[in-house]
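Enquirer: Fold the following and give me the result.
(one chain, ligands or ions: 2)
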Amino acid sequence: MTEYKIATIPGDGIGPEVLAEAIKILEKVSKLYRHKFTFIEVQAGSVAIDEIGEPLPKETLKVCKDSDSILLGAVGDCKQDALSDHMKPKRALLELRRALGLYANLCPAILHEPLKEICPLRPDIAALGINIMIVRELTGGIYFGDYGRKDTELGFAAWDTELYTTEEVRRIAITAFDIARSRKSRVTNVDKANILESSRLWREVILEVANDYPDVKLDHMYVDNACMQLIKNPSHFDVIVTTNMFGDILSGIVSQITGSIGMLPSAGINNGGVGIYEPIHGSAPDIAGQNKANPIAAILSAAMMLRYSFGLSQEASAIEKAVAEVLSSDARTEDILSEKAYVVGTKEMGRLIWEAVE
Ligand code: IPM
Ligand code: MG
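Expert: Ligands and ions are numbered 1, 2, ... in the order given. Predicted coordinates:
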């Protein structure tokens, strides 16, 4: 029996509720498939600021580094908006990504058949289906570039810098092309090479890496056009590879065209080591503690963890299958409610999926 050490970070708002459901499902998987999952709970985000005095306590980082992977609920709370930049709860995410070298963010966006009726796109477009993997660079670019404020001749000003090294682009390109091979072998590179020098270098490196993948079809889009095509013709896309900031924005679009942000999982990974798995939704303080949040993004994040960090694809598929099965029934959390369906809470949705896992 293999043992896997999983650091869990419930975090803020709806984080603890959705994570609890994901953990119950992992426990069932461990029994059914005979693995040992050991969970070690640590804190980050707003709760960590309140209890320990910093968004990413040293102990949390240490436990995360010593684990086989990390499962996170959500971090963030607007009550800390007035705090200085390095004390904001969201800082925990950036620091974790950086400290663990998690340079690739994978965000699979699937429009599940039963959710087509709540898809905001035109029915004939939704009918063609959506199954996209966004591969977003996660530890570079403008999120981590030089920034500051200064007086200028034109008045007070602030700046942020987009900078990519060829090596940073190369490794994310390799991740994207490798993943494409396990899918439909198509990669769309999204940049702004008509305007930005950093994007021109980005594109050159993508083209270079593409030489090693003659079997993968590559195309390029400027980011504004990619936004348009995601709405107009989303079935065009298979794998999208893009920068940190463009990836953040495109993930926002796909979270809506697939029905609800409550459905989308994500993974922060690198070449092998520890990964961080988290729903792409935030802490949603307005519905926290009310048994209303959709736990599916957290549950699917747990499935991604099994697949990408532990190589347990059969177990991951079992969870994904259970989610699909429950979605084809009429039980829905509020965010994915449709006419003929009925509302269930976080716990009930978790329970139904738990029952369906086999
Ligand atoms: C996300 C979030 C974060 C990001 C913020 C909170 C740092 O929006 O995980 O996408 O932009 O990376
Ligand atoms: Mg985001």
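Enquirer: which residues are contacting stretch 286-295?
Expert: For stretch 286-295, the external contacting residues (CB atoms under 8 Å, 6 or more residues apart in numbering) are 12-14, 17-18, 21-22, 260, 262-263, 281, 284, 333-336, 345-347, 349-350, 353. Using the backbone N, CA and C atoms, a C-beta is placed for each residue, glycine as well.
Enquirer: and stretch 35-51, anywhere near ligand 1?
Expert: No - Stretch 35-51 does not reach ligand 1 (CB under 6 Å from any ligand atom); its nearest approach is 10.2 Å.
Enquirer: And that stretch, end to end?
Expert: One end of stretch 35-51 sits 33 Å from the other (CA to CA, to the nearest Å).
Enquirer: One more: stretch 48-62?
Expert: 15 Å.
Enquirer: Identify each buried residue in it, please.
Expert: Across stretch 48-62, burial judged by 16 or more other CB atoms under 10 Å covers A48, I49, E54, P55, L56, P57, T60, L61.
Enquirer: Which helix or which strand is home to the fourth one?
Expert: Under the assignment given by DSSP states H and E, P55 is not contained in any helix or strand.
Enquirer: Who are the contact partners of the spatially closest residue to it that is not a sequence neighbour?
Expert: In space, and not counting its chain neighbours, P55 is closest to A92: 4.1 Å by CB to CB, 6 or more residues apart in numbering. By CB under 8 Å, 6+ apart, A92 lies in contact with A44, G45, A48, P55, L56, T60, V75.
Enquirer: so how far is ligand 1 from A92?
Expert: Using CB to the nearest ligand atom, to the nearest Å, we find A92 at a distance of 9 Å from ligand 1.
Enquirer: ok, I125 - contacts?
Expert: Counting by CB under 8 Å, 6+ apart, I125 makes contact with K232, N233, P234, S235.
Enquirer: elements contacting the helix or strand hosting R203?
Expert: Per DSSP H and E: R203 is located in helix 197-210. If you count contacts as 3 or more CB pairs under 8 Å, 6 or more residues apart in numbering; DSSP states H and E, helix 197-210 packs onto helix 166-181, strand 186-191, strand 217-222.
Enquirer: Burial-wise, tell me which of the ones you listed comes out on top.
Expert: Highest mean neighbour count of the helices and strands packed on helix 197-210: strand 186-191, a mean of 24 (counted as mean count of other CB atoms under 10 Å).
Enquirer: Quick one: mean pLDDT over that strand.
Expert: Across strand 186-191, pLDDT averages out at 98.
Enquirer: Would you list the strands that it pairs with, along with their directions?
Expert: strand 217-222 (parallel), strand 239-242 (parallel) (DSSP bridges).
Enquirer: Write out the residues of the stretch 151-300 of the chain neighbouring ligand 1.
Expert: Close to ligand 1, as judged by CB under 6 Å from any ligand atom, the stretch 151-300 of the chain has residues D248, S251.
Enquirer: In the stretch 151-300 of the chain, which residue sits closest to ligand 1?
Expert: Nearest to ligand 1, among the residues of the stretch 151-300 of the chain, is D248, at 4.1 Å (CB to the nearest ligand atom).
Enquirer: Tell me the confidence at that residue?
Expert: 97.
Enquirer: where in this protein is pLDDT low?
Expert: Counting by pLDDT under 70, the chain contains low-confidence ranges at 81.
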